[in-house]
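> Okay, here's the prediction I keep looking at, along with the sequence it came from:
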Amino acid sequence: MNAELAELQAQQLVSNIKLLVVDDEPRLLASLEALLKNKDYQVDIALGGEIACQKLEQNHYDAVLLDLNMGDFDGFAVMAFMADKRINTAIVVVSGEATFDAVRKALRLGASDYVKKPYSPGELFATIDSTLLKKHSHVDSLVAIGVDSSEQEAASEKQQKSNNLFSKAEQIAKVGYWEWDDLTDKCISCSEQYAAIMDMTVEQMIKQISTDKVDRKFIFEGDSERYIQVVDSAVESNQGYDIKYNCYTNAGRLIYIHEIGEPVLNDHGVPIKWVGTIQDITESKKAEEKLRRIGHYDVLTNLPNRVLLADRLSQAMTHCQRHNRSLAVAYLDLDGFKEVNDTHGHYIGDELLIGLSQRMKEALRDGDTLARIGGDEFIAVIVDLDNIEDKKPVLERLLKAAAEPVTVGDVVLQVSVSIGVTLYPQDSADADQLMRHADQAMYVAKNAGKNRYHLFDTV
């Protein structure tokens with residue numbers, strides 16, 4: 001009974017909390033609004049910083065969930081406006097921007113906490129609850145101590161906030177610092193975040209650095225020689241260095257590090273110590289690699305897309321010119337795919353595309369390329385042909401791979417493929433024209449009865 005009462009009281013408390021969500025991306029704004037309303041929060045939204053300032057001046061909110069990157073009127077401008085207008089609303093930054101400088105600036109401007117995109121709903125809810133709890137606890141404590149001690153409390157709180165600011169920014173941005181005494185050739189200090197990044201305690205980290213010179217033992221073998229060259233060169237020239245490299249933590253995790261080191265010189269230009277930072281940028285590297293892959297590969301089938309196809313076809317044509325070889329460009333269009341989509345829906349259609357793309361890829365040889373260029377259309381680049389007859393076995397395998405039944409759940413599907421082919425350099429067109437010629441030949445194959453290939457006539 002007590003548990004049920006407590007749960008009811010918690011729900012009533014949440015339902016009385018009013019949040020303002022600020023972002024300049026309508027879809028993200030709508031998604032976050034729905035997520036919070038599902039948790040029974042009262043939610044208001046603002047599309048951009050200027051609208052947010054208007055709403056903050058006109059309404060009371062318990063907390064504002066604020067994006068940073070919003071064009072000219074960004075999250076920093078909103079926080080500066082709130083400070084200028086003395087709007088005492090708790091601020092939780094919800095942003096993909098998590099550099100050390102950005103985090104530190106946000107905290108200095110009054111942010112209570114920071115949630116980095118992408119985030120889990122549980123992480124977001126916990127941060128909101130913690131922020132509101134701290135805010136209400138602070139109000140209660142001010143009432144309890146009375147007016148006489150308010151200035152002392154304010155000064156103490158300001159000092160504590162200043163002390164925590166740097167470590168908070170370090171933690172969010174995953175940045176740690178270190179100091180190296182050039183005279184004793186030992187590590188003087190390192191931050192808790194540096195040690196945490198390397199899965200060690202501060203004491204372990206200092207001992208490790210002093211013994212092993214900036215933890216070279218942990219550096220990934222492929223980056224070790226480059227790292228040593230960069231750092232040793234910087235030490236010899238008394239100049240700073242800036243390097244990114246892979247390294248293992250004490251727990252065996254492979255992470256990607258951005259390290260900056262600078263010498264501190266005396267009046268005679270002689271280094272007395274080195275100071276530096278390391279930042280764990282593993283997540284940002286993965287995000288960059290994902291974006292790079294999205295830019296070159298089809299999301300559904302994981303086959304090369306038009307961009308990567310153009311690059312590979314260009315390279316293959318250059319290879320043909322240098323080595324007196326031929327290649328075939330084959331344009332593939334599935335027969336009957338529209339009927340599958342219309343009858344069974346797009347989910348089944350997508351699963352069919354995934355299965356067929358894998359089969360057709362396996363029908364090619366090493367060095368050949370199969371790309372998806374949209375819908376149910378593919379292009380194959382068949383390379384290193386001694387003569388035009390060499391293409392036939394590959395084309396026959398492609399026809400067979402497409403015609404075999406595919407089972408998706410309880411549904412058995414069967415389609416075929418029509419293929420148009422042109423040969424280079426027999427067809428001396430450029431890459432774009434080669435694909436158009438193969439497309440034209442594909443329509444001839446389709447009109448001739450489908451499930452076959454047709455060679456483009458260059459005459």
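Thanks, I have it. Residues are numbered from 1 along each chain as shown.
> so what pLDDT did R306 get?
R306 is assigned 93 on the pLDDT scale.
> and stretch 399-407, average pLDDT?
On average, stretch 399-407 scores 95.
> got the contact list for that stretch?
Contacts to stretch 399-407, defined as CB atoms under 8 Å, 6 or more residues apart in numbering, come from residues 332, 334, 351-352, 355-356, 359-360, 362-363, 412-417, 419, 451-453. All C-beta atoms are positioned from the backbone trio N, CA, C, and that covers glycine.
> Strands - which of the residues you listed land there?
Of the positions in the contacts of stretch 399-407, 332, 334, 412-413, 416-417, 419, 453 sit in strands, assigned by DSSP state E.
> on that earlier part again, which among the contacts of stretch 399-407 count as buried?
Among the contacts of stretch 399-407, those buried by neighbour count (16 or more other CB atoms under 10 Å) are 332, 334, 351-352, 355-356, 359-360, 363, 413, 415-417, 419, 451-453.
> quick one on the thing from earlier: and which of the ones in strands among the contacts of stretch 399-407 is nearest S189?
Nearest to S189 out of the ones in strands among the contacts of stretch 399-407 is L332 (CB to CB; 62.9 Å).
> Tell me what the closest one is bridged to.
Counting by DSSP bridges, L332 is bridged to F378, I419.
> could you pull out the strands for the stretch 301-450 of the chain?
326-335, 369-374, 377-385, 406-408, 411-413, 416-424 (DSSP state E, counting those that start in this stretch).
> For Q229, find the nearest of those.
Closest of the strands of the stretch 301-450 of the chain to Q229 is strand 369-374, at 37.1 Å (criterion: CB to CB).
> Could you pull up the mean pLDDT of the closest one?
Taken as a whole, strand 369-374 has a mean pLDDT of 95.
> Only C-alpha atoms, please: export stretch 330-338 in CSV.
Below are the C-alpha coordinates for stretch 330-338, written out as CSV (Å, rounded to 0.1, in the frame of the first residue of the first chain):
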residue,chain,number,x,y,z
ALA,A,330,25.8,-4.4,-66.6
TYR,A,331,22.6,-2.6,-65.7
LEU,A,332,20.2,-4.9,-63.7
ASP,A,333,16.5,-4.3,-63.2
LEU,A,334,14.4,-6.8,-61.3
ASP,A,335,11.4,-8.3,-63.0
GLY,A,336,8.2,-8.4,-60.9
PHE,A,337,9.5,-6.5,-57.9
LYS,A,338,6.7,-3.9,-58.0
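> Which residues does that stretch contact?
Identification of contacts with stretch 330-338 by CB under 8 Å, 6+ apart yields 349, 352-353, 356, 360, 375-382, 391, 395, 398, 402, 414-421, 435, 438-439, 441-442, 446, 450-451, 453.
> Just after whichever strand in the chain runs longest, pick out the following helix or strand.
Using DSSP E to define each element, the chain has its longest strand at strand 254-265. Sequence-wise, the next helix or strand downstream of strand 254-265 (DSSP states H and E) is strand 271-280.
> Tell me where this protein is predicted with low confidence.
Flagging of the chain using pLDDT under 70 yields the residue ranges 1-15, 100, 134-173, 210-217.
> That one - how does it break down into domains?
Listed by automatic domain parsing, the domain ranges of the chain are 2-172, 175-285, 297-455.
> Now tabulate the ones you listed in CSV and tack on distance to L291.
Converted to CSV, the domains of the chain look like this (distance: least, CB to CB, whole Å):
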stretch, distance to L291
domain 2-172, 12
domain 175-285, 10
domain 297-455, 11
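> Let me know the closest of the ones in strands among the contacts of stretch 399-407 to L66.
For these, the minimum distance to L66 (CB to CB) is 47.8 Å, reached by L334.
> And the residue positioned nearest the centre of the chain, how far from R293?
Most central in the chain under CA atoms, centre = their mean is A287, positioned 2.3 Å from the mean C-alpha point. A287 sits 11 Å away from R293, going by CB to CB, to the nearest Å.
> Over to L35?
28 Å.
> what about G336, how many neighbours?
By the criterion of other CB atoms under 10 Å, G336 has 15 neighbours.
> As CSV, the strands of the stretch 301-450 of the chain with distance to V78 would be great.
CSV is the format used below for the strands of the stretch 301-450 of the chain (distance: least, CB to CB, whole Å):
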stretch, distance to V78
strand 326-335, 51
strand 369-374, 41
strand 377-385, 47
strand 406-408, 49
strand 411-413, 52
strand 416-424, 55
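> Quick one: closest of these to T343.
Nearest to T343 among these is strand 411-413 (9.2 Å), distances taken as CB to CB.
> tell me what that closest one is packed against?
Strand 411-413 sits against helix 337-344, helix 346-363, strand 406-408, with contacts defined as 3 or more CB pairs under 8 Å, 6 or more residues apart in numbering; DSSP states H and E.
> what would those look like in TSV with distance to H319?
Shown next, in TSV, are the helices and strands packed on strand 411-413 (distance: least, CB to CB, whole Å):
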stretch	distance to H319
helix 337-344	33
helix 346-363	21
strand 406-408	34
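> Single out the most deeply packed of these.
Highest mean neighbour count of the helices and strands packed on strand 411-413: helix 346-363, a mean of 18 (counted as mean count of other CB atoms under 10 Å).
> what packs against it?
helix 337-344, strand 369-374, strand 377-385, helix 391-403, strand 406-408, strand 411-413.
> quick one: contacts of it?
Residues from elsewhere that reach helix 346-363 (CB under 8 Å, 6+ apart): 300-303, 332, 334, 337, 340-341, 370, 372, 376, 378, 380, 394, 397-398, 400-402, 404, 406, 408-409, 411, 413, 415, 417.
> again, only using 6 Å
Identification of contacts with helix 346-363 by CB atoms under 6 Å, 6 or more residues apart in numbering yields 300-301, 303, 340-341, 370, 397-398, 401-402, 406, 408, 413.
> taking these as a set, which two sit the farthest apart in space?
Taking CB to CB as the measure, the contacts of helix 346-363 span a maximum distance of 25.6 Å, between N341 and R397.
> Could you say which helix or strand holds the nearest residue in space to G222 that is not next to it in sequence?
Leaving aside its sequence neighbours, G222 sits nearest to N246 (CB to CB, 6 or more residues apart in numbering; 7.1 Å). Assigned by DSSP H and E, N246 falls within strand 241-248.
> re the thing from before, got the buried residues for the longest strand of the chain?
255-259, 261-263.
> Dump those residues into JSON lines; add distance to A98 as well.
Output for the buried residues of strand 254-265, formatted as JSON lines (distance: CB to CB, whole Å):
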{"residue": "I255", "distance to A98": "15"}
{"residue": "Y256", "distance to A98": "15"}
{"residue": "I257", "distance to A98": "16"}
{"residue": "H258", "distance to A98": "13"}
{"residue": "E259", "distance to A98": "18"}
{"residue": "G261", "distance to A98": "22"}
{"residue": "E262", "distance to A98": "23"}
{"residue": "P263", "distance to A98": "28"}
